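Student: Mind folding the following:
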Amino acid sequence: MPLQSPAHPAAPAHRPLKGTRILSLALNLPGPAALMRCRDMGATCIKLEPPAPAGARAGASGDPMGLYNRPAYEAMHRGMRVLAADLKTEAGQRALHKELAKADVLLTSFRPSALKKLGLEWKTLRKQYPQLSMVAIVGAPGARAEEPGHDLTYLAENDLVTGLEMPPTLYADMGGSLMTSEAVLQTRLLTQAKGKGVWMEIALAVAAGYLALPRRWGLTQAGAAVGGGHAGYRVYPCKDGRVAMAALEPHFAASLGAAAGLRQSHPLAMMTPEAHAAVAAFVAGQTRAQLDELASTQDIPLYTLA
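Tutor: Residues are numbered from 1 along each chain as shown. Below you'll find the model as predicted:
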C-alpha cells in the first residue's frame with residue numbers, strides 16, 4: 001500500500017553530534033541541508049551569512065535561498081543561530097573569529113580562491129585553531145574546484161540527465177549534503193584519535209558520480225533488470241493513473257505473474273516480451289484502488305500515482 005512520508009523525518013533518537021559546535025558559512029542548498037542533518041544529530045549550529053541586500057524587507061536573509069524560497073530556508077535553519085556578517089569588513093572578520101574560537105567544525109562552500117581572500121585557507125586556520133576541523137564543499141574536486149558549475153552540470157557529466165527533461169530533484173546537492181554531514185562525523189572521530197583538527201573536501205561532482213554508480217555498472221541501463229528489462233520493475237499506465245511496480249525478487253514477481261495470468265518456471269521469465277505484454281495488459285485493466293488492494297492482499301510492492 002502507498003506510504004505517506006513526512007516532509008522531513010524526525011530527529012534521530014541517538015544524537016552523536018551532541019556537544020559539537022559547528023560554524024557554517026555555506027549558502028544555498030548543500031551546506032544548509034548538511035547543517036540541518038547535523039542539527040538533527042545533536043550539533044549546536046551557528047551560521048554566518050552576508051547581510052541582506054539593500055532594500056530587502058526586515059528580517060530578510062543574505063543567503064540566496066532565503067530570498068527565492070523562504071520555506072526551504074526556514075526548514076533548513078530551524079533551531080539554529082543565524083548571524084549577519086560581511087566577511088570582507090573588519091567587523092565581519094571580528095565576528096567570524098569570535099565564532100571560530102568556539103567552534104569544533106567550520107563548514108564552507110566557497111571556491112579556494114575566495115577562501116584565500118577571506119583568510120580561511122586551511123594552513124592558516126590550523127595554526128590559529130589547532131582543534132578546529134574544516135569541511136569544505138566545492139563543485140568539483142581538487143584542481144577543478146575553481147571551475148563554475150551547479151547541480152545540473154554535475155549530473156550531466158555523470159550521465160544523469162536524459163533528453164531535455166529537468167531532473168526531478170537536486171541530486172548532486174542533496175547527495176553532497178549527505179556526504180558533508182558524514183564528513184562532519186568523520187572529523188569528530190579523527191580529531192579524537194589525532195588530538196588535532198582535520199580538513200576534508202566534499203565535491204558535488206563526486207556526490208553525483210557516487211549516485212551514478214548503479215548506472216555506470218549497468219544496473220539501470222535500458223534493458224537491465226532495474227532499467228525496465230524486468231516486467232515486475234517498471235512504471236505502467238493503469239485505468240486512472242500509473243503504477244510504479246517493484247516486484248523484483250522472485251517471490252514478489254511470482255505473485256505479480258500469477259495475478260497477470262503468467263505461469264513462471266524461472267525468475268528470468270519476467271525478462272521476456274511475453275511477460276511484459278501480460279503484465280502491461282493486466283495493469284491497464286486495473287484501477288489504482290484495485291492495484292492498492294492487490295498490493296495489500298498479495299504482498300506486492302507497488303505505488304499508485306495519479
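Student: Tell me how many other residues crowd residue 251.
Tutor: Residues lying near residue 251 (other C-beta atoms under 10 Å) number 10. Where you see a C-beta, it was placed from the backbone N, CA and C, and this is true even at glycine.
Student: element containing it, please.
Tutor: helix 250-259 (DSSP states H and E).
Student: now the angle from the helix or strand that that helix is followed by to helix 250-259?
Tutor: Next in sequence after helix 250-259, counting helices and strands by DSSP H and E, comes helix 273-284. On the basis of axes from the mean of the first three to the mean of the last three C-alpha atoms, to 10 degrees, helix 273-284 is oriented at 70 degrees to helix 250-259.
Student: Pull out the buried residues from helix 273-284.
Tutor: Across helix 273-284, burial judged by 16 or more other C-beta atoms under 10 Å covers 275-276, 278-279, 282-283.
Student: Residue 123: which of those residues is nearest?
Tutor: Closest approach between these and residue 123, by C-beta to C-beta: residue 276, at 59.2 Å.
Student: care to break the chain down by domain?
Tutor: 21-215, 225-305 (automatic domain parsing).
Student: Return the distance of the most centrally placed residue in the chain relative to residue 165.
Tutor: Residue closest to the average C-alpha location in the chain (C-alpha atoms, centre = their mean): residue 174, at 2.2 Å. Per C-beta to C-beta, to the nearest Å, residue 174 is found 18 Å from residue 165.
Student: And residue 97, its phi and psi?
Tutor: In terms of degrees, to the nearest 10, the main-chain angles of residue 97 are phi -70, psi -20.
Student: Residue 107 belongs to a helix, doesn't it?
Tutor: No. Using DSSP: H, G, I helix; E, B strand; the rest coil, the secondary structure at residue 107 is strand, not a helix.
Student: what about the strands in this protein?
Tutor: In the chain, the strands defined using DSSP state E lie at 21-24, 44-49, 81-84, 105-108, 133-138, 199-203, 233-238, 241-246, 302-305.
Student: Can you redo these as JSON lines, where the extra columns are distance to residue 98, mean neighbour count and mean pLDDT?
Tutor: Converted to JSON lines, the strands of the chain look like this (distance: least, C-beta to C-beta, whole Å; neighbours: other C-beta atoms under 10 Å; pLDDT from 0 to 100):
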{"stretch": "strand 21-24", "distance to residue 98": "10", "mean neighbour count": "23", "mean pLDDT": "98"}
{"stretch": "strand 44-49", "distance to residue 98": "10", "mean neighbour count": "22", "mean pLDDT": "98"}
{"stretch": "strand 81-84", "distance to residue 98": "10", "mean neighbour count": "14", "mean pLDDT": "96"}
{"stretch": "strand 105-108", "distance to residue 98": "13", "mean neighbour count": "25", "mean pLDDT": "98"}
{"stretch": "strand 133-138", "distance to residue 98": "17", "mean neighbour count": "26", "mean pLDDT": "98"}
{"stretch": "strand 199-203", "distance to residue 98": "22", "mean neighbour count": "20", "mean pLDDT": "98"}
{"stretch": "strand 233-238", "distance to residue 98": "53", "mean neighbour count": "17", "mean pLDDT": "98"}
{"stretch": "strand 241-246", "distance to residue 98": "51", "mean neighbour count": "18", "mean pLDDT": "98"}
{"stretch": "strand 302-305", "distance to residue 98": "50", "mean neighbour count": "18", "mean pLDDT": "98"}
